[in-house]
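Novice: predicted model and sequence follow; I will ask about them next.
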Amino acid sequence: MEHLQSVNDLVIRFANVNGTGSASANNMFAKAIFRMGIPVSPKNIFPSNIQGLPTWYEVRVNENGYLGRRDGIDVVVCVNPQSMRRDVDAVKPGGFFIYDSSKRLHPEFMRDNIHYIGIPMTELTMQHYNDPRQRQLFKNVIYVGALSALLDIEMEVLHGIINDQFRTKEKLIGPNLKALDLGFQYAKNHYDCPLDVRLERRDKVGDCILIDGNTACGLGAVYGGATVAPWYPITPSTSLVDAFEKYARKFRIDPQTKKKRYAVIQAEDELAAMGMVIGASWNGARAFTATSGPGLSLMSEFLGLAYFAEIPVVLINVQRGGPSTGMPTRTQQPDILSAAYASHGDTRHVLLFPSNPKECFEHTASALDLANRLQTPVIVMSDLDLGMNDHMSPPLTWDDSRTYDQGKVLSADDLEQIEQFGRYLDVDGDGIPYRTLPGTHPTKGAYFTRGTSKDEYARYTEVGDAYVRNVDRLMKKFRTASQLVPAPEFYQKKNQSKHGIIFFGTTTYSALEALDLLKEQGIEIDALRITAYPFHETISAFIEQHEKVFVVEQNRDGQMRTLLINELEISPKKLTPILNYDGMPITAQRIEQLILESFPEEKMEIAAIKGLN
């Protein structure tokens, strides 16, 4: 039987039962690889219930830095009988299936083209631990110890992680080290270690950190000046507000009085949370909230109010599978259209598309500036994969000389110089009016904030011409926004191909790898990453300069493609959708396959070359 052979290039899947404490052990495994200087990308694939159903943790290791999800599993560690049939089938031919051999493996799980490695995890815990809960927890650490021997993970690194993790609970260090050693010694004594699929120390992570996008967004909100965070819990955004509160407790405490200088409010629902954001922002605070698809639907009415009344609002939408409850613990990009046009009537909202935790940090801080500058909702479009999974990221940095952009806010002195304040006058020709904050001046600058039609002086009117002037000015402001949002990223200095590819958010990882796979086959494709909406004019130019442009996204209906067609008046024939919507992050192999299928001549030529070789 063949053996898979690789160094620092593998995918390992842990198959566990939700609620058994496996997350800590699996995270320890990923951290160990990262500390050995090898690029790593873990994915936590968990059910929407609290306990009992199957959960998986996939770790991709690739020293070349390809960190998107990859097709094919090289090594499976299975401790869940419920999912064993599926997990056995997932192993690539020549791969390895590691299981708890305390009981004999049923013949139905046997394949003749993979290698089986039995570790009596339950038996070892029964022999060495008395507490039932400890037996359950340390079974997970035992398989990490076995993997240390099988894959050649440095035990010193694992010891360091355990010491770091439990430095405030020292009595747990010894039992964890013991479990680690039990697994290591058993594998070492019963199998040829290391396997042909193994790890070697490298120096390829530089100064990168492992961090999830929700934590980065929460920290970005603190650094961006946010002081108010109304919210309603919803997967997968809950940990984002938790992170904000954690860092606010550190950075938002008055040094003299020791009082909190922030407010985190759990509202009765998502609509109420958005209403609180509007109220806080109208009063001059920097406020934000976080949600996912169902919450976005509930918030739509108030997003329309903020758009029409021109009140700064920041919403971080951590997208998940829909519609309705959908797949609460699976990733997608299905809210692009509902976010861009949220609410009834003619609305357009600014969207930012981070692709890694560093951009989550930066875009959240920038969203607070943009919302105040533009006096409008700004929505940061993250997703479950980015938000809840650890990603290798450049360090989060902040320029201490940076000042917050409050936008066009008039002071009392400014009001003294104005004969008549017009809240919705376009003074500068950019569509952005001037505003005042409550209490700025005793007699000047007051206005009535309303969601109904009004004139330039905030007076209620049903005169059609006044309404048209107002909504046309809002459209002018939206065009101004296209010059203020982050510019798209190009991956070539000059276009070299007649074909192009557009991607955004977490599709970036796999799209870039797919481009390299295609290049190996002689297919060059120019690439562009969308970072924001409204679209920069260079996006339209990029599409026009290519015969065919592939649009990679994670939803069924090609929503980004639709938005490009609608906003840029692009011929639909020019944009070919590359879609994935099964709830798992798209892979480079799928992108490569779908692109090749649209190039039948190139595909036949490649097949012929392979045949000759």
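Specialist: Sure thing, it's come through.

Novice: show me where the stretch 101-250 of the chain has its helices.
Specialist: 121-128, 132-151, 155-165, 173-190, 213-223, 238-251 (DSSP state H, counting those that start in this stretch).

Novice: redo those helices as CSV? Include mean neighbour count, mean pLDDT and distance to G72.
Specialist: C-betas here are computed from N, CA, C, even on glycine. As requested, these are exported to CSV (neighbours: other Cβ atoms under 10 Å; pLDDT from 0 to 100; distance: least, Cβ to Cβ, whole Å):
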stretch, mean neighbour count, mean pLDDT, distance to G72
helix 121-128, 18, 95, 25
helix 132-151, 23, 94, 17
helix 155-165, 16, 96, 26
helix 173-190, 19, 96, 23
helix 213-223, 28, 98, 26
helix 238-251, 19, 97, 30
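
Novice: what's the closest of the ones you listed to R459?
Specialist: Taking Cβ to Cβ, helix 213-223 is the member of these nearest to R459, at 35.7 Å.

Novice: same for the closest one, what does it pack against?
Specialist: helix 238-251, strand 313-319, helix 357-374, strand 377-383, helix 384-388 (3 or more Cβ pairs under 8 Å, 6 or more residues apart in numbering; DSSP states H and E).

Novice: the second one vs strand 377-383, what angle?
Specialist: This points to strand 313-319. Per axes from the mean of the first three to the mean of the last three Cα atoms, to 10 degrees, the angle that strand 313-319 makes with strand 377-383 is 20 degrees.

Novice: for the next helix or strand after strand 313-319, buried residues please.
Specialist: For strand 313-319, the succeeding helix or strand toward the C-terminus, using DSSP states H and E, is helix 336-340. Across helix 336-340, burial judged by 16 or more other Cβ atoms under 10 Å covers I336, S338, A339, A340.

Novice: ok, now how distant is the residue nearest the centre of the chain from I530?
Specialist: In the chain, the centroid-proximal residue (Cα atoms, centre = their mean) is L386; its distance is 1.8 Å. According to Cβ to Cβ, to the nearest Å, L386 stands 15 Å off from I530.

Novice: and what of D269?
Specialist: Distance check for D269 against I530: by Cβ to Cβ, it reads 32 Å.

Novice: more crowded one of these two?
Specialist: Neighbours were counted for D269 and for I530 using other Cβ atoms under 10 Å; I530 has more, 24 against 12.

Novice: quick check: closest non-adjacent residue to that one.
Specialist: The spatial neighbour of I530 that comes closest, neighbours along the chain excluded (Cβ to Cβ, 6 or more residues apart in numbering), is F504 at 4.1 Å.

Novice: same question, V471
Specialist: Sequence neighbours aside, D346 is the residue nearest to V471 in space, at 6.2 Å (criterion: Cβ to Cβ, 6+ apart).

Novice: give the contact list for F478.
Specialist: Counting by Cβ atoms under 8 Å, 6 or more residues apart in numbering, F478 touches R348, V350, G431, P534.

Novice: quick check, nearest of the buried residues of helix 336-340 to G522?
Specialist: I336 (33.1 Å).

Novice: residues in contact with that closest one?
Specialist: By Cβ under 8 Å, 6+ apart, the contact list for I336 reads L351, M381, E553, N555, Q559, M560, L563.

Novice: adding distance to P488, secondary structure and pLDDT, write the residues you listed out as CSV.
Specialist: Formatted as CSV, the contacts of I336 follow (distance: Cβ to Cβ, whole Å; DSSP: H, G, I helix; E, B strand; the rest coil; pLDDT from 0 to 100):
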residue, distance to P488, secondary structure, pLDDT
L351, 13, strand, 98
M381, 15, strand, 98
E553, 15, strand, 98
N555, 20, coil, 98
Q559, 18, helix, 98
M560, 12, helix, 98
L563, 14, helix, 98
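
Novice: can you add distance to G583 and give these back as TSV?
Specialist: Shown next, in TSV, are the contacts of I336 (distance: Cβ to Cβ, whole Å):
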residue	distance to G583
L351	22
M381	17
E553	14
N555	11
Q559	16
M560	18
L563	22
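
Novice: ok, so of those, who is nearest N80?
Specialist: Nearest to N80 out of the contacts of I336 is N555 (Cβ to Cβ; 30.0 Å).

Novice: next, count neighbours for that closest one.
Specialist: Neighbour number of N555 under other Cβ under 10 Å is 22.

Novice: where's the nearest residue to it once chain neighbours are set aside relative to I162, distance?
Specialist: Excluding its sequence neighbours, the residue lying closest to N555 (Cβ to Cβ, 6+ apart) is P334, at 4.3 Å. The gap separating P334 from I162 is 40 Å, by Cβ to Cβ.

Novice: for L150, same thing?
Specialist: Distance from L150 to I162, by Cβ to Cβ: 19 Å.

Novice: how about A187?
Specialist: For A187, the distance to I162 (Cβ to Cβ) stands at 18 Å.

Novice: could you do P534 as well?
Specialist: 49 Å.

Novice: quick one: the strands in the stretch 451-600 of the chain?
Specialist: Assigned by DSSP state E, counting those that start in this stretch, the strands in the stretch 451-600 of the chain fall at 489-490, 499-504, 526-530, 532-533, 548-553, 575-579.

Novice: ok, back up a step: neighbours of the residue nearest to I530, how many?
Specialist: Neighbour tally, F504, other Cβ under 10 Å: 27.

Novice: now swap in P433 and tell me
Specialist: By other Cβ under 10 Å, neighbour count at P433 equals 19.

Novice: same question, L396
Specialist: L396 has 18 neighbours, counted by other Cβ under 10 Å.

Novice: residues contacting the nearest residue to it once chain neighbours are set aside?
Specialist: With Cβ to Cβ, 6+ apart as the criterion, L396 has its nearest non-adjacent residue at 4.6 Å, and that residue is F361. Counting by Cβ under 8 Å, 6+ apart, F361 touches A216, C217, L219, G220, Y223, L396.

Novice: could you measure from the residue lying closest to Y467 once chain neighbours are set aside over to E270?
Specialist: Setting aside the residues directly before and after it, Y467 is nearest to S453 in space (Cβ to Cβ, 6+ apart), at 4.7 Å. Distance check for S453 against E270: by Cβ to Cβ, it reads 27 Å.

Novice: more neighbours, those two?
Specialist: When S453 and E270 are compared for neighbours, E270 comes out ahead with 26 against 15, by other Cβ under 10 Å.

Novice: so the more buried one makes contact with I234?
Specialist: Yes: E270 is within contact range of I234, at 7.3 Å (criterion: Cβ atoms under 8 Å).

Novice: between those two, what contacts are shared?
Specialist: T291, P294, G295.

Novice: just these now: which is nearest R35?
Specialist: So of the shared contacts of E270 and I234, ranked by how close each gets to R35 (Cβ to Cβ), first place is T291, at 34.7 Å.

Novice: partners of the closest one in the sheet?
Specialist: N317 (DSSP bridges).

Novice: which residues touch it?
Specialist: The contact partners of T291, taken as Cβ under 8 Å, 6+ apart, are W231, Y232, I234, S237, E270, A273, M299, L315, I316, N317, V318.

Novice: format these as CSV; extra columns: distance to I33.
Specialist: Shown next, in CSV, are these (distance: Cβ to Cβ, whole Å):
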residue, distance to I33
W231, 34
Y232, 37
I234, 32
S237, 28
E270, 38
A273, 39
M299, 40
L315, 35
I316, 30
N317, 31
V318, 26
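
Novice: check contacts around the residue nearest to N555.
Specialist: For P334, the contact set (Cβ under 8 Å, 6+ apart) comprises G293, Q319, G321, G322, P323, G326, Q554, N555, R556, Q559, Y581.

Novice: how close does it sit to G583?
Specialist: Applying Cβ to Cβ to P334 and G583 gives a distance of 10 Å.
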